[in-house]
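Engineer: Any chance you can model this:
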Amino acid sequence: MVAFENTADNVLTVERSLPVEVLPGGETPGGSLFLSSMDCWALAVVPTLYTFDRGDANVVDVIKQALSRVLVHYYPLAGRLAKNSLGKLTVDCEKKLGVPFVEASANCDIEDMGDIKMLDSDILEKFVYRDPTEKMLEVTPLLTAQVTRFKCGGFTLGVVVNHCMTDGISAIDFMNSWAEIARGKPSSFVPCHDRTFLKSRVPPQIGDHYNDFARVGDISNMTTSWEREQTVFKSFHINGEKLATLKKMATTDGQARSNCSSFVVLSALVWRARTMALKMKPHQLTQLLIYVDFRLKMKAHMPDGYFGNAVVLPCCLCTAGELIDEPISSTAERIKKAIERVDEDFVRSAIDYMDKFRFEPYRVSSLLISSWMGLDYGDFDFGWGGPRQLGTGNLLPTECVFMREESENKKDVAVVLGLPLSAVNTFQELVQI
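Structural biologist: Reported below is the predicted structural model:
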């Protein structure tokens, strides 16, 4: 049983058309596209929703036609997954079955949506198109799009993409290109679809990084709480003043132990608060994993415009007792050092590990934090101004996302995650420093 907290009304009605397949509006390469082991470990669909305050009668046609034109540059998104002779996943670019596109209308004003950072799945799925073949790996589309018009003249753009095709940075580049073309401009970004730069080594060389790829068990019976209780997905507001206080706390004897970013100190607070709210036993191992982009961390220069997954998850691992007893400055230092470990050797070891071993889901003793703070979605101007809000849904219980809050100082953060109902109030109190 799952609960969400947002203000959209359950009586919201959305009428939508049948999907139309949008094909690239020009000649595109055929053949198959290599996927790295990182891509193949990211087989999950990611829905995102963007709200725009105004549009006009042409908004659907403009966005649909621009999609056709941008797919000439991003043609793999119009293909389908396939397996080669070795059983490895690739993208079949010969099929060119296109991107399902849906036109819809809602019976309310866009302001009635309220805060959309974490939407109830029932509401989210009114505004994004989830293809019925989604679980059929080699049949389902890799991208879908839906434009929904509102009574007030605003609109939303809902996008569902298979994570094996793109990480956050590549997705932003695609969306910016789509928006540029919609405004009648040439795309300023040239994607590189050659992913062989991230091929695994033969033989694999994993080195001493096994802890970073390990799975941690549950000896605190937390899984039972998740199964028996409602899971509440909620957005917790952290203002700029709290972040400044956190940075001061991440010191030793009044002297900064090292320069810590807002991301590092907030990750330390959230990891600790979640561990306490879930009532982990003192000897329970708890694991924090941080999504780190490595495009600028490779000795050999990655291809410009690399389109694909280029993130790793360095790990902090300790017992719950150690985490709770140590000062937040020590926790921040753990996280900072984990991020600093990401270099070419770490990345290559991760690629080799992912190629050698099958993906196993993370358990509830683990927390995976990603930051969308640096993803500049405000430039997605399709001709009527940029989006006012970005939202998502379908997070796993082990996932946490940091998102921008709309505020004057631009320093406020929304911490979005899911917790068992019994843990929500405790977590709320612990992050109110």
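Engineer: Run through the strands of the stretch 51-200 of the chain in chain order.
Structural biologist: If DSSP state E, counting those that start in this stretch is used as the criterion, the strands of the stretch 51-200 of the chain fall at 80-83, 89-92, 99-106, 143-149, 155-162.
Engineer: Pull the number of nearby residues for Leu269.
Structural biologist: Leu269 has 23 neighbours, counted by other C-beta atoms under 10 Å. Just so you know, the C-beta spots here come from the backbone N, C-alpha and C atoms, and that holds for glycine as well.
Engineer: That one touches Phe427, doesn't it?
Structural biologist: No. With contact defined as C-beta atoms under 8 Å, Leu269 does not count as touching Phe427 (10.5 Å).
Engineer: Same list, the strands of the stretch 51-200 of the chain, but as CSV with mean pLDDT please.
Structural biologist: Listed next are the strands of the stretch 51-200 of the chain as CSV, based on pLDDT from 0 to 100:
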stretch, mean pLDDT
strand 80-83, 96
strand 89-92, 96
strand 99-106, 97
strand 143-149, 98
strand 155-162, 97
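Engineer: which stretches of the protein have low pLDDT?
Structural biologist: 1-10, 209-210, 252-258, 407-409 (pLDDT under 70).
Engineer: Find the centremost residue of it, please.
Structural biologist: Gly168 (6.2 Å; C-alpha atoms, centre = their mean).
Engineer: residue contacts, it?
Structural biologist: Neighbour list for Gly168: 311, 370, 372, 375 [criterion: C-beta atoms under 8 Å, 6 or more residues apart in numbering].
Engineer: and which of those is nearest Ser188?
Structural biologist: Leu375 (17.1 Å; C-beta to C-beta).
Engineer: What lies in contact with stretch 394-402?
Structural biologist: 45-47, 118, 121, 124, 226, 231, 233, 263, 266, 270, 274, 361-364, 366-373, 392, 413-419.
Engineer: Just the ones of those in helices?
Structural biologist: 121, 124, 226, 263, 266, 270, 274 (DSSP state H).
Engineer: Would you reformat the residues you listed as JSON lines and include distance to Ser36 and neighbour count?
Structural biologist: Below are those laid out as JSON lines (distance: C-beta to C-beta, whole Å; neighbours: other C-beta atoms under 10 Å):
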{"residue": "Ser121", "distance to Ser36": "30", "neighbour count": "13"}
{"residue": "Leu124", "distance to Ser36": "29", "neighbour count": "24"}
{"residue": "Trp226", "distance to Ser36": "32", "neighbour count": "17"}
{"residue": "Phe263", "distance to Ser36": "25", "neighbour count": "19"}
{"residue": "Leu266", "distance to Ser36": "30", "neighbour count": "25"}
{"residue": "Val270", "distance to Ser36": "29", "neighbour count": "22"}
{"residue": "Arg274", "distance to Ser36": "31", "neighbour count": "24"}
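Engineer: which one of those residues is nearest Ala300?
Structural biologist: Phe263 (26.9 Å).
Engineer: Could you verify my assumption that the closest one touches Gly374?
Structural biologist: No. With contact defined as C-beta under 8 Å, Phe263 does not count as touching Gly374 (9.0 Å).
Engineer: Would you mind checking the contacts of stretch 394-402 for buried ones?
Structural biologist: 45-47, 118, 124, 226, 231, 233, 263, 266, 270, 274, 362, 364, 366-373, 392, 413-419 (16 or more other C-beta atoms under 10 Å).
Engineer: So Phe155 versus Gly308, what's the distance?
Structural biologist: 30 Å (C-beta to C-beta, to the nearest Å).
Engineer: if we can go back for a sec, could you dump the strands of the stretch 51-200 of the chain to a markdown table with distance to Phe174 and mean neighbour count?
Structural biologist: A markdown table is the format used below for the strands of the stretch 51-200 of the chain (distance: least, C-beta to C-beta, whole Å; neighbours: other C-beta atoms under 10 Å):
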| stretch | distance to Phe174 | mean neighbour count |
| --- | --- | --- |
| strand 80-83 | 18 | 18 |
| strand 89-92 | 15 | 20 |
| strand 99-106 | 11 | 21 |
| strand 143-149 | 9 | 24 |
| strand 155-162 | 8 | 24 |
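Engineer: Would you mind telling me which of those is nearest Val22?
Structural biologist: Nearest of the strands of the stretch 51-200 of the chain to Val22, taken as C-beta to C-beta: strand 99-106 at 4.7 Å.
Engineer: Pairing partners for that closest one, with directions?
Structural biologist: strand 14-16 (antiparallel), strand 20-22 (antiparallel), strand 143-149 (parallel) (DSSP bridges).
Engineer: Now render the ones you listed as a markdown table, adding distance to Lys299.
Structural biologist: A markdown table is the format used below for the strands paired with strand 99-106 (distance: least, C-beta to C-beta, whole Å):
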| stretch | distance to Lys299 |
| --- | --- |
| strand 14-16 | 49 |
| strand 20-22 | 40 |
| strand 143-149 | 33 |
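Engineer: so which of the ones you listed comes closest to Leu285?
Structural biologist: strand 143-149 (38.1 Å).
Engineer: now that closest one, how far from the centre of its chain.
Structural biologist: Strand 143-149 has its C-alpha centroid displaced from the chain centroid by 18 Å (C-alpha atoms, centre = their mean, to the nearest Å).
Engineer: Stretch 352-359 now?
Structural biologist: That offset, for stretch 352-359, works out to 21 Å (C-alpha atoms, centre = their mean).
Engineer: Show me the contact partners of that stretch.
Structural biologist: 37-38, 40-41, 43, 200-201, 204-206, 209-210, 213.
Engineer: mind checking the end-to-end distance for stretch 225-237?
Structural biologist: End-to-end distance for stretch 225-237: 25 Å, by C-alpha to C-alpha, to the nearest Å.
Engineer: picking that back up, tell me the spacing between the residue nearest to the centre of the chain and Ala179.
Structural biologist: Taken as C-beta to C-beta, the span from Gly168 to Ala179 is 16 Å.
Engineer: Pretty sure Gly383 sits against Asp61.
Structural biologist: No. Assessed by C-beta under 8 Å, Gly383 is found out of contact with Asp61, at 11.3 Å.
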